[in-house]
Structures are given as structure tokens and as C-alpha cells.
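Engineer: I need the structure of the sequence given here:
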Amino acid sequence: MARLLRPLLRGTTYTRLLHLWVPLLVVSLWLFIDPSTPWVPALVLVPVGLIPAVRRGEGVQARLLLTPGEEDSGISEAPSATWRDRWRTVLWLEVRMAVGSAGALASVWFPAIAFDLGRLAAGQVSGGFPLLDTAQPHWAYALLVPLPLIALYGAVVGFGGLVTALARRLLGPSAAERLAALEERTEHLLERTRIARELHDSIGHALTVAVVQAGAARAAGSPEFTDRALAAIEETGRSALEDLERVLGVLRESRQPVHARPTLTDADRLLESARASGAKVDAEVTGPLGTVPGPVSREGYRILQEALTNVLRHAGAVPVRVRVTVGDGVLGLEVRNPLPGRIPGPGRGSGLRGIRERAALLGGSARTGPDEGDWQVHAELPVR
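Structural biologist: Next comes the predicted model:
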């Protein structure tokens, strides 16, 4: 019983009833002006529904009254973009008038019937309702009073649910709007994946440098080397904190584009960080890095960062050769280091896969693996 009466405790039931009443007010106003032409309001709705902004107004009203508080109501608030949308709006207006008028009249008639039955049961004559105007007063009419109230409950809930289903069908997003929503969702997921990758690259690089420096300082037993190691850890940690704060800012304001990410013009700090960790870095840059487009340069920086992190993590303080070339519409990145006899520590992370994915997203390619006795990371990214 409680479940059956639950709709009476929901505010949505009454906002939908208000939505049903609106068309009846329009029809009643016209019937007051000219009761001989009740079809005029339905005819006027045809040109009105063809106005693009009307669809937006109907969508806003439907979401407010039919689906209040629902994030994904299935009802669009965009104006008509195509003729198909316009004719769907016309059909919605006609259906809304028909269903709304029926539901609103039912919400008036059934209480009136219950009231007249109560008058007859109390020994009074009917109030003039057409179906009961000739009925004689009798106590037995009290047994019939609940029937129109039950019918009222069914009409209010049923017509409200029907008009909501029709609104989702006729005012729902068009194919173009669904495609745009899907693209936006895809972009959002890609952005989250990129942020996760960026955190992995930046924080992973900082932790790797800190671990390598701390281990080297403990093994060296030299105060001077320990001071240099602590300075390198401090600088790397500060840089990682800046990256973390920027990424957290992006998460807080996900709609804002990222412009502050480091590019290849900032690669010196990566090289100095690797050198401070004991690696002998031989770097060579060929071509104008400043002409590389921002997205390509930013992803190139992250590829270089991940490659150097892998060197420090798996090979330690070894000679590293870094080559960055810009020419013929291609940005080339190559990082080579002597191949260790075995891979120490965990070697199943997502860093190398992330390098290949970054390159593929930009239409380029990346190769990672042994090459002539070295471990090589080689990426080519188009810059046009």
C-alpha cells in the first residue's frame, strides 16, 4: 500500500500536473473568446512550432516540470536545427495540447464527481454535475465516493507519466545532438586519460630521480655528493609539485584548455635532472624547436621525459644519447643507452605503452626496444 501511494509524496507528480494544466488554460481562454471554433488553437500551433526557439522553450519547461532534478532527462534544450526537429516540435505541441487537456479535465471532473456523491450521501441534491443531476439523495452514495478519487489518482499519475514519455520522444536530442554529446564525452575521456598519463610521466620521473639520487648519495658517502643529490631531489620535487598543482587545476576546471604544459623548449631541465642523477647525457638538437606546433611539442616533451625516466629506472647512471631533430615536416626523438644485462625492479609499467599511444594519437609512430646492443626509444611525430 505504501508503494502504491508513494507517487503522492513526490514533488514530480504535482509539477507534472501543473504541466498538464498549461495547455488547458490556453484552450479555455480561446473558448471564452469564440467557443464555436475550438480547433483554432491546434491550428495556430503549427506555425508556432516551426520557430526554432520554441523548441528550446518547450525543452526548458519540460525539464523543469516533468523531470525536475534529473541530470540526464533525455530532453534537449537546444533550438531546432533541422526541419525534422521543427516538425517534431509541432507534433509535440499538438500532442501536449491533447494529452494536457485530457489530463487537466480529468483532474477537475473526478473531484467534482466525488463532491457530488458526497452531497447525495449527505441527503442533499447534486450540485449539477451532468451525470448526477437527476440522482436522488441516498446514504449508499458514500460507498462510491472513493471511486472517482482512485480514478483521479490514476489520471494524475498516468497522464503525467505519458506526457513525460512523449516529451523524451519528441523533444529528445536529434541525431546531430547525440553525435555532438558523444564527441564531447569522448573528448572528456581522452582528457582524463591524458591527465593520468601526464601524472604518471611527471611524478614517476620525479620519484625515479629522487630514488636514484638518494641511493647514490648513500653509496658514495661523500658530503659534497650528498649536497648535490639533495639539491637535485629538491629541484625535481619542486618541478613535480608544479606539474601536480597544474593538473589538479585542470581537474577542477575541466572545461579550460591547458596552455601551461612544458614543451620541448623546456627540455633542458629534463636533461639537467638526468645529469644530476649521474647519467652522462649527450644531447643534440637539430632544427628550430620553436616552430613545432604546441600539441606536438608538449607530447614530445612527455615522450622524452618518459624515455629518460626509463633509463634511470632500469639502467641507472649510464651514458645516454639524446637526439632531437626538426625537419621535413617531422619531429624526431631518439634516446639510446647501453642495454643492461637484466632489467632491475618492476618492468611492466605503462610508460612504454604511453609513448606509443602518444605518438599514435598525433599520427606518428614510436619504436621501443633493443637495437644494436642499446636500448632505444625512437619516435617520429608529424609537425604539419
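Engineer: could you give the mean pLDDT of the longest helix along the chain?
Structural biologist: Ranked by residue count and defined by DSSP state H, the top helix of the chain is helix 175-220. The average pLDDT within helix 175-220 is 73.
Engineer: any idea how far residue 165 lies from residue 38?
Structural biologist: Separation of residue 165 from residue 38 (Cβ to Cβ, to the nearest Å) stands at 26 Å. C-beta here means a position set from N, CA and C on the backbone, and glycine is covered the same way.
Engineer: Likewise for residue 288?
Structural biologist: Taking Cβ to Cβ, one finds residue 288 at 77 Å from residue 38.
Engineer: And residue 55, by the same measure?
Structural biologist: Using Cβ to Cβ, residue 55 is found at 26 Å from residue 38.
Engineer: what do you get for residue 15?
Structural biologist: To residue 38, residue 15 is 27 Å away according to Cβ to Cβ.
Engineer: by contact count, what packs against the helix or strand following the longest helix of the chain?
Structural biologist: Using DSSP states H and E, the helix or strand that follows helix 175-220 in sequence is helix 223-252. Secondary-structure packing of helix 223-252 (3 or more Cβ pairs under 8 Å, 6 or more residues apart in numbering; DSSP states H and E): helix 175-220, helix 268-276.
Engineer: want to throw the ones you listed into CSV with mean neighbour count and distance to residue 24?
Structural biologist: Formatted as CSV, the helices and strands packed on helix 223-252 follow (neighbours: other Cβ atoms under 10 Å; distance: least, Cβ to Cβ, whole Å):
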stretch, mean neighbour count, distance to residue 24
helix 175-220, 16, 31
helix 268-276, 19, 71
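Engineer: could those be laid out in TSV, adding distance to residue 97?
Structural biologist: Shown next, in TSV, are the helices and strands packed on helix 223-252 (distance: least, Cβ to Cβ, whole Å):
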stretch	distance to residue 97
helix 175-220	25
helix 268-276	67
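Engineer: out of these, which comes closest to residue 23?
Structural biologist: Of all the helices and strands packed on helix 223-252, helix 175-220 sits nearest to residue 23, with 25.6 Å by Cβ to Cβ.
Engineer: Residue 117 versus the closest residue to residue 122 other than its chain neighbours, what's the distance?
Structural biologist: Once flanking residues are discounted, residue 122 sits nearest to residue 137: 7.5 Å by Cβ to Cβ, 6 or more residues apart in numbering. Separation of residue 137 from residue 117 (Cβ to Cβ): 11 Å.
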